[in-house]
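Engineer: predicted coordinates and the sequence they were generated for:
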Amino acid sequence: MSFRIAIASGKGGTGKTTVSVNLYHFLAANDGLRISLLDCDVEEPNDAIFFPDASLVKEVEIFRDLPVIDTDKCTFCRRCVEYCEFNAIVVIPPANYAEVNASLCHSCGACIVACNESAITERKETIGKMTSFRPERNMNLIEGRLKIGSSMQTMVIKELKKSAPADDDITLFDAPPGTSCPVVETIHDADYVILVTEPTLFGLHDLKLMVELLEEMDKEFGVVINKAGLGDQSLYDYLQSNQLEVLGEIPFSQEYAGLYAKGDILNKIPQEIKNSYQSIVEAMELRRSKK
Amino acid sequence: MMTVITSSGNNKNSLFDKRFGRTAWFCLYDEETKKTTFIENTDNETSNGAGTKAAEKMVELKVEKVISGDFGPKAKDLLDKFNIQMVIIQDDGIKVKDILEKLKQ
């Protein structure tokens, strides 16, 4: 079974994508390993930008089921309203009014179970799409992209994960920023989580939130310090006093940031950055062999 | 005609609450009898859909006019559908009785 590594951060802009894309690149260089990278940052996926020569394999739409109430059959009993955890159903008996609010509905299906009159049916609604690329013979890159206006991030991430090839050796999940539901959905089935942070106060603040979340979820994790050299000492003090594992440090370089902005970080990787990733790759290989 | 004013407390001396769905109380004013009743908003701490819940209550109470600080898009849609007039007052620190006075004039 595939070894699943999620790359998360809390704070945005710490380097999740940079680390994901590089790790993907270096792990795949180990001959024969089948690696997939799933871009779970479905609100603005960008991993594919770094693989302009990858061949497009397929593109599929993602749907959800949206309940619709037939007011001819509805008795306005409000049972569905009581079942709905999200206050997405409005039923006003004196007005013979019953409607589902699509922007509040999570497509959980509880209202259909609740209804004794078979007044609720479902229709398909597009919530996003999934695009698969193949950068190399042993590499799959699958991107989830949420439809603008939809708030069904977690459902897109779920579908994305279902599409990961079953015979992968390693699957990487590039998580969205933050610590909310889409992040939980991304990391809940990961075997290991890499937290990417930066030595700034914002980086530290959000790292702490992420560490709290992972401890609650009982996940194994390690920290990668990106943009090392910026900011101050507080991150290092925190890591040390909490005895958190540091997997590697990536030095801050304006030149490297420039290459990132051009989408060109895999062609001429500076030696010191190569060294950093080699040690992270070794740490991951070790974890995988223990699984 | 029934009018509702969103209120932070259960009497006329309470501050006007500028939130619609998240208001603590609804002050229901009957223009015929000049009577006011205060109804607690039991859905003001729900994580989702407080505005729709409040709008639903307005329809049930047969309210024709709601006075609040603002209305969210989902509440607005529903109030529009039932032809309930929305009045926005953006002044800070005014009391429910000040608005009632204006209504009576």
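Structural biologist: Done, it's in.
Engineer: for the longest helix along chain B, packing partners?
Structural biologist: In terms of residue count, the longest helix belonging to chain B (DSSP state H) is helix B:50-60. In terms of contacts (3 or more CB pairs under 8 Å, 6 or more residues apart in numbering or on different chains; DSSP states H and E), helix B:50-60 is packed against strand A:89-92, helix B:73-81. (Each C-beta comes from the backbone N, C-alpha and C, glycine too.)
Engineer: list the contacts for residue 64?
Structural biologist: With no chain named, the answer covers chain A. The contact partners of A:Arg64, by CB atoms under 8 Å, 6 or more residues apart in numbering or on different chains, come to A:Ser107, A:Lys124, A:Glu125, A:Ile127, A:Met152, A:Met155.
Engineer: the chain in question should be chain B.
Structural biologist: Contact analysis of B:Glu64 by CB under 8 Å, 6+ apart lists B:Met1, B:Met2, B:Thr3, B:Asn83, B:Ile84, B:Gln85.
Engineer: what about the contacts of A:Arg64, which are in helices?
Structural biologist: Per DSSP H, these map to helices at A:Met155.
Engineer: neighbours of the closest residue in space to A:Lys124 that isn't next to it in sequence, how many?
Structural biologist: Spatial nearest neighbour of A:Lys124, chain neighbours left out: A:Phe63 (4.4 Å); criterion: CB to CB, 6 or more residues apart in numbering or on different chains. Each residue near A:Phe63 was counted by other CB atoms under 10 Å in any protein chain shown, and the total is 16.
Engineer: so where does A:Glu122 fall, helix or strand?
Structural biologist: Assigned by DSSP states H and E, A:Glu122 belongs to strand A:120-134.
Engineer: what helices or strands is that strand leaning on?
Structural biologist: Using 3+ CB pairs under 8 Å, 6+ apart, strand A:120-134 sits against strand A:55-69, helix A:110-114, strand A:139-146, helix A:153-162.
Engineer: around chain A, which positions in chain B sit nearby?
Structural biologist: B:43, B:46, B:48-50, B:52-53, B:55-56, B:59-60, B:74, B:78, B:81-82 (CB under 8 Å from any CB of the partner chain).
Engineer: what about the residue nearest to B:Ile94 when sequence neighbours are not counted, how many neighbours?
Structural biologist: In space, and not counting its chain neighbours, B:Ile94 is closest to B:Phe16: 5.0 Å by CB to CB, 6+ apart. By the criterion of other CB under 10 Å, B:Phe16 has 23 neighbours.
Engineer: isn't B:Phe16 up against B:Ile5?
Structural biologist: Yes: with contact defined as CB atoms under 8 Å, B:Phe16 reaches B:Ile5; the gap is 6.7 Å.
Engineer: so what's in contact with these two at the same time?
Structural biologist: Jointly contacting B:Phe16 and B:Ile5 under the rule CB under 8 Å, 6+ apart are B:Val96, B:Ile99.
Engineer: mind listing what's buried in the worst-scoring helix or strand of chain A on mean pLDDT?
Structural biologist: Sorting the helices and strands of chain A by mean pLDDT, DSSP states H and E puts helix A:254-261 at the bottom, at a mean of 87. If you call a residue buried by 16 or more other CB atoms under 10 Å in any protein chain shown, then helix A:254-261 has these buried ones: A:Tyr256, A:Leu259, A:Tyr260.
Engineer: the second one and chain B: what is the separation?
Structural biologist: Right, the one you point to is A:Leu259. 42 Å (CB to the nearest CB, to the nearest Å).
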